[in-house]
Structure formats: structure tokens, C-alpha cells
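**Student:** heads up, no residue letters with this:
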């Protein structure tokens, strides 16, 4: 089931609703690790393709040299360390003001040249007319008086033109400065947005590191539990071989007969993929009777009777109602009403948890865990002495049985 989810990178909504928050978190970690693995494979492939296309570059004669200080090391100036250093904002304002002044000065010079040409053209014509008049009148006094008047008019016109140019230059300088300030403000806003995005990306990477650490811890816990399970299995095998609890130690107990597989075309075969979700109660009953009942799912280890913790197709609310009558450590295993699988519901100190049991590979395992069991009873017995993942301190202590006078798994066995 987990392998199919990671292959498709998709989880059925019905299956997702059966998971608790811890199993959802573990599933997210594994899907994220699968995405990273695929991304790394793609990057390696692209690097190889790029390396095959890139030609060997010729060595050029260009080089870069750095200014060195008194200590014969690269000279570095850190702005703000010296007491005479100006603040960054003040330096930027001065640079903007200088750029605005230069641009306004260039525009004023262009206007001044045009104005100068107009004045030269205007007053040169006036002087010519006065000379013609003086020549005709033959009067030197009137000629000098006219020249002085013209010079005064020319000086006044030039003074007014210069004042107007200075006023226009100051206004233009202020306009250019405000325009550059607005451009700088927009640029700073974009840089702030980029910095915010980089901070978000940094936090996301830190979260990925924490999730990897959690996944690594989960693998280590799985290895530790596997070693303990192997040791417990050896002890059980030795105890069984010496006939513990058998009144006749010399007589080897007869193992229960293995169920004969049915030749049913609807039975799931290895390598055949099917939908993880069920469309109705009838489909789940048919799945249990055709695939799980031959495996004696829900029976005790000796297969003599149904385990007291096993329940039929009941809802989450019904399971919580049964467990609320008990103490922390009470548990039951119920057939899921939404997917082809089981749900382990148990009570702990703060409430009730529901863990999905994957039964799609002819074995039983908690979704997200790597420990596989051959039967539901083996899974229950293991977690009676080993903690449930990922809490590390919760055990299955007391089986929650059926209500008096009511059995909820009758339709599974009839």
C-alpha cells in the first residue's frame, strides 16, 4: 500500500481520512523523501547531459588583481566601522542628489545655449539699425547714448534669463531627485520581497532537516525493535521446543493446518495493483471473506477461536464509545469501513488514537512503519511488549471485547 502511494504520489481521500495525525505526518515525510530522491536523480541526469554538451573553454589571458593593505593582505573596507563613515541611507541620498544635479545641469546648459543664441541674434540686429541711423544723422552723442541703452537692455535680459534658468534647474533637480528616490524605493521593496522569500526558503529547508532527522530516528527505532523481535522470537521458539505448558514434554505439538488457497480470480495476487479504497460495505465483506478469512485474520495464534480484541466493520465513533469505557491501554482491531484494511484503535492518557494497518502485501504492518507481521495476532502480541510508533511509550495492554449480547463481526463469517 505504501509503495503504491509513493509510486503514484497520490493518496485516496478515503484512505487519508482513516489516518491519524501521526501517520499522516509519517506519510508526508516519506512522500517528501521520495520527491527529493526523484529530484536528485533528475539533477544528476541533467548535469551529465549538460557536461556532454559543454565544450572545453579556452584559457584567456585576463586576470583579476586585488588592492593590498599594509599587512600585504587584500584590502577590505567594512562600511560603518569607522566613526567618520556615513550611514548607508545618507550615502544613497547624496549619490541620488549628485546624479540629479548633474542631469539638471546638463539640461540647463542646453537651454542656456539656446537662449544665448536668441539674445545674440536679437541684439546684433538692434546694433546694426542704430549704426545706420547714426550714419544718416551724423550725430556721435546720440550714437553713444543709444549704445549704452542697448547694453543696459541686453544686460537686464541676460540677468532675467539666467535667473529663470537657475530656477528651472533647481526645479528640475528636485524632480529628478524625487524620481530617482521613487525608483530606489521600488527596488528596495523588491529586494525586501526577495529577502522574505529567501527567509521562507531557509525555514523550509530547516523544516526538511528536522523531518529527515525524525525519519532517521524512526529507522533507528525500527532496527532496535527488529533486534528485540528476533530475540523474542528465538526465546519463544526455544520455549515451544521444550514444551512449555505441555503436560507431555516429549510429545511435539501438532501445528495447525495451513489454509488451502482458493482458486478465486478476484483474489489479489502479487504484482497486481488495485484500488486501495472500497466502494461499500459489501465490497469490504467480500474482500475479507475471499482474502483474509483463509489467512485466519482476527483469530488467536492457535486459530481455535476469534481473538477478543477483534471487531467487525464498525465506525470510528463506535470504536471510541467502546474504548471510553476502559482505561488507558485498552485496544481493539476493527475492519475499516472505508478501505481494504484494518484499524488499530487504542486509548492512551490524553484520548484515543487510530492507526491504519496495511494488509495489501499478504502481511500486516502499521502504515509508515517497516515492521511486517504474518498475522494480526502477531502484531498485537509484539506491541504488548514493544511501544507503538512513533510515540515510543504506548503499549497494547487490555483487549476491548464485544458488548454483552451483541457481536459486530457476524456478517464477516456468515
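**Tutor:** Nice, thanks for sending it over. Computed from a prediction, not measured in an experiment: that's the story for all the values here.

**Student:** show me where the protein has its strands.
**Tutor:** Ranges of strands within the chain are 310-313, 330-335, 342-348, 351-358, 365-366, 398-399, based on DSSP state E.

**Student:** what's the fourth one packed up against?
**Tutor:** Using 3 or more C-beta pairs under 8 Å, 6 or more residues apart in numbering; DSSP states H and E as the contact definition, the elements that strand 351-358 packs against are helix 13-18, helix 21-53, helix 316-323, strand 342-348, strand 365-366. Every residue, glycine included, has its C-beta placed from N, CA and C.

**Student:** and among these, the most buried is which?
**Tutor:** Per-stretch averages of neighbours, counted by mean count of other C-beta atoms under 10 Å, single out strand 342-348 among the helices and strands packed on strand 351-358, with a mean of 23.

**Student:** for it, enumerate the helices and strands it packs against.
**Tutor:** Here strand 342-348 touches helix 316-323, strand 330-335, strand 351-358, going by 3+ C-beta pairs under 8 Å, 6+ apart.

**Student:** now do 6 Å
**Tutor:** Counting contacts by 3 or more C-beta pairs under 6 Å, 6 or more residues apart in numbering; DSSP states H and E, strand 342-348 is packed against strand 330-335, strand 351-358.

**Student:** ok, which of the helices and strands packed on strand 351-358 comes nearest residue 381?
**Tutor:** Closest of these to residue 381 is strand 342-348, at 13.0 Å (criterion: C-beta to C-beta).

**Student:** gap between residue 72 and residue 78?
**Tutor:** According to C-beta to C-beta, to the nearest Å, residue 72 stands 19 Å off from residue 78.

**Student:** which ones are touching residue 387?
**Tutor:** 393-394 (C-beta atoms under 6 Å, 6 or more residues apart in numbering).

**Student:** any stretches of the chain with poor pLDDT?
**Tutor:** Scanning the chain for pLDDT under 70 picks out the ranges 54-60, 124-138, 227-279.

**Student:** same thing but 50
**Tutor:** 128, 134, 242-276, 278 (pLDDT under 50).

**Student:** so residue 108 makes contact with residue 164?
**Tutor:** No - here residue 108 does not reach residue 164: they are 10.2 Å apart, not a contact under C-beta atoms under 6 Å.

**Student:** what touches both of these two?
**Tutor:** Here residue 108 and residue 164 have no joint contacts, going by C-beta under 6 Å, 6+ apart.

**Student:** before we move on, the earlier item: how about the strands of the chain in CSV, adding distance to residue 151?
**Tutor:** Output for those, formatted as CSV (distance: least, C-beta to C-beta, whole Å):
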stretch, distance to residue 151
strand 310-313, 115
strand 330-335, 113
strand 342-348, 107
strand 351-358, 104
strand 365-366, 106
strand 398-399, 119
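
**Student:** of all the ones you listed, which one is nearest residue 408?
**Tutor:** Closest to residue 408 of the strands of the chain, according to C-beta to C-beta: strand 310-313, at 4.2 Å.

**Student:** walk me through which strands that closest one pairs with, and which way each runs.
**Tutor:** Note on strand 310-313: by DSSP bridges, its sheet partners are strand 330-335 (parallel).

**Student:** for the strand it pairs with, which residues meet the burial criterion?
**Tutor:** Buried residues in strand 330-335, counted by 16 or more other C-beta atoms under 10 Å: 330-335.

**Student:** angle of that strand against helix 316-323?
**Tutor:** Compare the direction of strand 330-335 with that of helix 316-323 by axes from the mean of the first three to the mean of the last three C-alpha atoms, to 10 degrees and you get 150 degrees.

**Student:** tell me the spacing between the residue positioned nearest the centre of the chain and residue 182.
**Tutor:** Nearest to the geometric centre of the chain sits residue 204, at 5.3 Å (C-alpha atoms, centre = their mean). Distance, residue 204 to residue 182, by C-beta to C-beta: 33 Å.

**Student:** and residue 327, by the same measure?
**Tutor:** Counting by C-beta to C-beta, the gap from residue 327 to residue 182 is 70 Å.

**Student:** and residue 169, by the same measure?
**Tutor:** Counting by C-beta to C-beta, the gap from residue 169 to residue 182 is 21 Å.

**Student:** go on, residue 26?
**Tutor:** In terms of C-beta to C-beta, residue 26 sits 51 Å off from residue 182.

**Student:** and what of residue 90?
**Tutor:** 18 Å.

**Student:** for the stretch 151-300 of the chain, what spans make up the helices?
**Tutor:** 281-287 (DSSP state H, counting those that start in this stretch).
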